[in-house]
Each structure stands twice: as C-alpha cells, then as structure tokens.
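return atomic coordinates for the entry below.
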Amino acid sequence: MRRGKCLLLFLSLGLILLLTVYNFLSNTTNYDEYGGWKKIKGTKTGFFHVENINGIWWLVDPEGYVFISKGVNHVDYHGDYSPALGYSPYFRNIKKRYGDVHLWVVETVSRLRQWGFNTIGAWSSKEFFDKIPFTLILDIAASYGANWLTGKVPDIFSDDFEQHAKARALSLCSPLKNSKLLIGYFTDNELRWGPDWRSPNHLLDDFIKLPANSPGKKVAVETLMEVFKDINALNAMLNTSFTDFNELLNYTGDLPKGGLFDKARSLFLIKYAKRYFSVCYSAIKEADPNHLILGCRFAGYAPPEVLKVMKDYVDVISINYYDHKPPIDYLRYIHLITKKPILLTEFSFKAMDSGLPNTKGAGTPVATQKERAELAKEFIKELVSQPFIIGYHWFQYMDQPKEGRFDGENSNFGLVKINDEPWKELISALKEINMRAEKIHLASASR
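Have a look, this model is predicted:
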C-alpha cells in the first residue's frame, strides 16, 4: 500500500512537472525574440512603431508582431543611494551575491523574461541595451534647469534651449538610431505644467516675475498684450499706470485670478508647450529619425492645452499614476483629445508587511503582500482592457532603502527585496497577468 502511494505521488509530481514545462513552452513560443505576440502581425519596418489594427492600438516590434510594453523602471545595479548610510545597500548586496555586474545583468534579464516582462524602463543600466527592448529618458528640460521634485520651470524660450536640446539629442540619440531593441525616447519626467503639489502657480505667474531681459518674460508680456489689447484695461485690473505694454517688462508683481488673466494663463501655457514639444521633436528627429517619441511622463495630470499642442509632436502619450485603480475615464479623455495611444509609465503598490517604513513615496500602502499582488494584477487587467493602452511600466525593480534615498523615499516598490530576493506573491501575480495581457487587450475592441 505504501509503495502504491509513493508511485502515485511520483506520477502526480511528474505530471505537474510536465504541465509546468508545457505551459512555459506554450507561453514562450507565443512570443518572438523581442517579446512581440505572434498571434497578430502588423507592418514590419525594422523598428518599433505604433499601429491601430482593427480599432486596437499596439506597439509593433521590428519583425512586425504586436507588442504590449510590459516594463520595469530603474532596473539598475546601482540601486538607490542612501545619504543616511553613505552607500547603496542594494548595490552592496548584489556585489556580494554575484561578484560581477555582468552576472547580475544576465540573471535579471532571465528573471524578467520568466516573469513575463519584455521592456527595460526609464533610469535603467545601459548594460541591458543590447539584450532586451528598452526605453530611454532624455531629460531635455531637466538637464536645462527643470526639477521634477521642486517643480522648477526653466525659461525654454531662450535660443540656448534649442542648442541644448540638439546637443542632448546628438549625444544620446544618435548612437542608438539603428538599434532594433530601442522602443523610443521619453523627453522628460513629471515636468510641472501649472499648479500642483509642488507650486500653486500657473506658468504665466512664474514668468511675469522674471527679469525684463528674459526671453520668457517677453513672451509673457506679449501674451498679456494679445489678450487685453488695451493697456488701460490692464491698468484697471492691476491698479497700475503703464503707458504701453513694453513697460510691463519691469512688472514683477502678482496677477489677479480669473477673467482675462485666466485666458492669458491658458494662452501662455499653449505657447510654452508648443515651444517645448516642437524643439524636442526637431532635436530628436534630426539625431534619430527611426524611433518613437514617447512623451514627457505626466505626473498624473495633463492640462488640456498641453495635450492639444503635443499631439503633433509625439507618437505616444506617457503618464505616471499611483492609485489602487487606473484612471480609465481620464485616460480615455486624454486619448479623445490627442488620438494617440497611451503608455502608463509608472505605477506601483507597497505593503506594510515588507518591514519598510513606506512613509515617503507615491501611493497609499496596503497591509500585506497578498493585497499588493492582487491590486497589481487587477490594475493591469483593467488597464489593458482599454484599446488605446499600449503598455505599463512598474516602478521599480528593487525596494528602496529603509533609511531613505536622495529624496527620502523609503518604500516597498520593488519586485525584489533589498537583498535581491523576489517578492514571490507579487511575482506570481504579475507573471500570470503579463502572460495574458495580449489576449485581454485583443478583446478590448468589443468594449
């Protein structure tokens, strides 16, 4: 009897192993070398591009197969540097574990593919760029003075900005123009386009305070002149006595709320957006005509003025969003205005049973890894059920230090712990939904 039970157990384990291998091979053979889904084919161009096929938006890989970008941000062996520690604990741990960065890269690519991911997202190590499809963030405005953390907005109306953007694109884009693994470029991350958690100011209110000789100040004054037309009408609102609009160049006071001033704020924002996106577009396309421009990674919200302008200068709208459910109605609104596909470029969930403080960093933590995993799966399922969504990028590969990174963030955002061990429940849920994402997306045509 005992021998019979052992035989039955052995056969059962063997069957489970065979089914596991069969399911793995079935899943992997559904995809080409890039991670494109071989069930549907678009146009083969040799580079990643976007297509609308029978009412559904897709990325299309260099071989012509449809592709949902299932990515992870900050896949970087350096991890997060902690000022309080004076080093990066993740980097120390992987050096101890692997000895060689190359071995970590090989293992990480293998892991990501097994987990159903096919894209290396922003802020990742360049060692991946010849191994798996990737995106690159150019930081065109950020390297010119913009600051996503403080919301600082630079004066991009200067001629210097054009030269800066061209030099940036020449340096970063030109070497990659023939890459088949590059999906495309993000121009920046979480620029401030108006009042938000970083500042209560509209851009016009910031620029009216600049010195008289600033190019952006001149555009601000021209905008007020276009809207008010009569200097006396403006004087009445500002309680000033300017004789012409040129004298307004020396005005650095506040602007009243409402009325024509709000109209001027909207018009100035349009001018700022057109300047930014047109300059970025020209610089990138001159350096690399082959790859996609993936937008500027909005911080959860994009003003309609900006959306209406940018649609002529980008291939994809990218947006970051942290909540327990995706903002489907808002994403649909963005698509309605721009007619462009959307890539959700940051989302994540964190749990208190991780042992991390979770006091700094976007999103509201949940209690357990089980809840975290379930939220992630449902979030992705709802997201890819929309025909205008072409991908999602998880933030981030590794947990942040409990002591805090450069901006104090100390959260359980990682797919892996600070010692590089995977969060098993999360990985299991993500693998399951990643492998079903294309089928779910294909069914979105009927929604």
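
just give me the residue right at the centre of the chain.
Among the residues of the chain, the smallest C-alpha distance to the mean C-alpha position (CA atoms, centre = their mean) belongs to residue 345, namely 2.8 Å.

are we agreed that it is in a strand?
Yes. With DSSP: H, G, I helix; E, B strand; the rest coil as the criterion, residue 345 is assigned to a strand.

does it touch residue 184 like I think?
No. Residue 345 sits out of contact with residue 184 when judged by CB atoms under 8 Å, with a separation of 11.4 Å. Glycine gets a C-beta too; all of them are placed from N, C-alpha and C.

what's the overlap in contacts for the two?
With contacts defined as CB atoms under 8 Å, 6 or more residues apart in numbering, the residues adjacent to both residue 345 and residue 184 are residue 294.

got phi/psi on the residue lying closest to the residue nearest to the centre of the chain once chain neighbours are set aside?
What sits nearest to residue 345 in space, not counting adjacent residues and going by CB to CB, 6 or more residues apart in numbering, is residue 318, at 4.4 Å. Its backbone dihedrals place residue 318 at phi -120, psi 140, with angles given as degrees, to the nearest 10.

let me know the pLDDT of residue 318.
The score at residue 318 is 98. That number is its pLDDT.

tell me the gap between stretch 158-174 and the middle of its chain.
For stretch 158-174, the separation from the chain centroid amounts to 21 Å (computed by CA atoms, centre = their mean, to the nearest Å).

could you list the buried residues of it?
161, 164, 165, 166, 168, 169, 172, 173 (16 or more other CB atoms under 10 Å).

now do stretch 146-160
Counting neighbours by 16+ other CB under 10 Å, one finds that the buried residues in stretch 146-160 are 146, 148, 151, 152, 153, 154, 155, 156, 157.

could you do stretch 184-204 as well?
Counting neighbours by 16+ other CB under 10 Å, one finds that the buried residues in stretch 184-204 are 184-194, 198-199, 201-204.

so what's the gap between stretch 425-440 and the chain middle?
Relative to where its chain is centred, stretch 425-440 has its mean C-alpha point 20 Å off (CA atoms, centre = their mean).

with pLDDT, secondary structure and distance to residue 93 added, can I get the buried residues of stretch 146-160 in CSV?
What follows is the buried residues of stretch 146-160, written out as CSV (pLDDT from 0 to 100; DSSP: H, G, I helix; E, B strand; the rest coil; distance: CB to CB, whole Å):
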residue, pLDDT, secondary structure, distance to residue 93
146, 96, coil, 33
148, 92, coil, 28
151, 94, coil, 34
152, 96, strand, 34
153, 97, coil, 38
154, 97, coil, 37
155, 98, coil, 43
156, 98, coil, 41
157, 98, coil, 46
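
state the mean pLDDT of stretch 92-101.
Mean pLDDT, stretch 92-101: 96.

for that stretch, give me every contacting residue.
The contact list for stretch 92-101 (CB under 8 Å, 6+ apart) reads 77, 79, 104, 107, 125, 127, 418, 419, 420.

output that stretch as PDB, restricted to C-alpha atoms.
Below are the C-alpha coordinates for stretch 92-101, written out as PDB (Å, rounded to 0.1, in the frame of the first residue of the first chain):
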ATOM      1  CA  ARG A  92      26.400  46.200  -1.900                       C
ATOM      2  CA  ASN A  93      24.200  43.200  -1.700                       C
ATOM      3  CA  ILE A  94      24.400  42.300  -5.400                       C
ATOM      4  CA  LYS A  95      28.100  42.700  -5.400                       C
ATOM      5  CA  LYS A  96      28.300  40.300  -2.600                       C
ATOM      6  CA  ARG A  97      25.800  37.900  -4.200                       C
ATOM      7  CA  TYR A  98      27.000  38.000  -7.900                       C
ATOM      8  CA  GLY A  99      30.600  39.300  -7.600                       C
ATOM      9  CA  ASP A 100      30.300  40.700 -11.200                       C
ATOM     10  CA  VAL A 101      27.700  43.100 -12.500                       C
END
